[in-house]
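Enquirer: Requesting a structural model of the entry that follows:
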Amino acid sequence: MEKIDIKKQLKELYQPTHKDFSIVDVPNMKFVMVDGMGDPGHEIYMNAVKWLYSTIYPIKCLAKKKMGKDFVAAPLEGLWWADNMDDFVNDIRDKWKWRMMIVLPEWTSDELFEEGVAKAEKKLGTRPDSLRMEMFEEGTSVQIMHIGPYSEEGPVIERMHKEFIPANGFVENGHHHEIYLNDPRRVAPEKLKTALRQPVRKR
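Expert: Modelled structure (predicted):
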């Protein structure tokens, strides 16, 4: 049985170089998503992420059993923003907004998703209102790999927005996007790999 691995299929999107910024075209992809607001260290955020994984793994098992198809669970991804972007830049985390998500194979049906959610509900209770499966397309984007603690992303993001994006004739066209390629519970902070992405459009 072939096992789909999105990180290998779309290596240019999930394994960017850390040496320089690159420009990529991100296709329309299917995600399980959940929205929230506040510090990512708080219980609300942790619970949202728990819902994603508790939905993904039953879908994986059901697809294998019912369809003879298998996939590697993709990494956690997050969109981050604030109504006042100064709150984001100044690290006022209680005002951060986020959309956490995990990509699914394009053949995942609504029925399969609802079955996965039903299994998650048996473990976690009532589903969050914002939990859903949805197509998401970013299009042209700038990205780079950050290696190190999440707390040290700031200078890289600043160079992306203040130097590379304007120097190449682009402006921002969507929310800041992070792809978490390691489990911070198992990997030392200095070895964490995070793909940093910003959708853009021509000025």
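
Enquirer: Please tell me how far the most centrally placed residue in the chain sits from Asp86.
Expert: In the chain, the residue lying closest to the centroid (Cα atoms, centre = their mean) is Glu77, at 1.3 Å. As judged by Cβ to Cβ, to the nearest Å, Glu77 and Asp86 stand 25 Å apart. Yep, even glycine has a C-beta here, placed from its N, CA and C like the rest.

Enquirer: can you dump the C-alpha coordinates of the lowest-mean-pLDDT helix or strand in the chain into PDB?
Expert: When each helix and strand of the chain is scored by mean pLDDT, DSSP states H and E, helix 85-89 comes last, with a mean of 72. Taking Å, rounded to 0.1, in the frame of the first residue of the first chain, the C-alpha atoms of helix 85-89 are listed here in PDB:
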ATOM      1  CA  MET A  85      -0.400  44.300  13.800                       C
ATOM      2  CA  ASP A  86       1.500  46.300  16.400                       C
ATOM      3  CA  ASP A  87       0.200  43.800  18.900                       C
ATOM      4  CA  PHE A  88       1.700  41.000  16.800                       C
ATOM      5  CA  VAL A  89       5.100  42.700  16.300                       C
END
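
Enquirer: ranges for the helices of this structure?
Expert: In the chain, helices defined by DSSP state H lie at 6-9, 11-14, 43-67, 85-89, 110-124, 154-159, 165-167, listed in chain order.

Enquirer: These: which one's closest to Ala195?
Expert: helix 11-14 (6.5 Å; Cβ to Cβ).

Enquirer: Lowest average confidence across the helices of the chain, which one?
Expert: Mean pLDDT is lowest for helix 85-89 out of the helices of the chain, coming in at a mean of 72.

Enquirer: If I look at the residue nearest to the centre of the chain, what pLDDT would I see?
Expert: 98.

Enquirer: same thing with the one 5 residues further on?
Expert: The predicted structure scores Ala82 at 88 on the pLDDT scale.

Enquirer: For it, grab the count of nearby residues.
Expert: Close neighbours of Ala82, defined as other Cβ atoms under 10 Å, add up to 20.

Enquirer: Excluding chain neighbours, what is closest to it?
Expert: For Ala82, ignoring the flanking residues on the chain, the nearest one in space by Cβ to Cβ, 6 or more residues apart in numbering is Phe88 at 4.2 Å.

Enquirer: Could you do Met29 as well?
Expert: Closest to Met29 by Cβ to Cβ, 6+ apart is Val103, at 5.3 Å.
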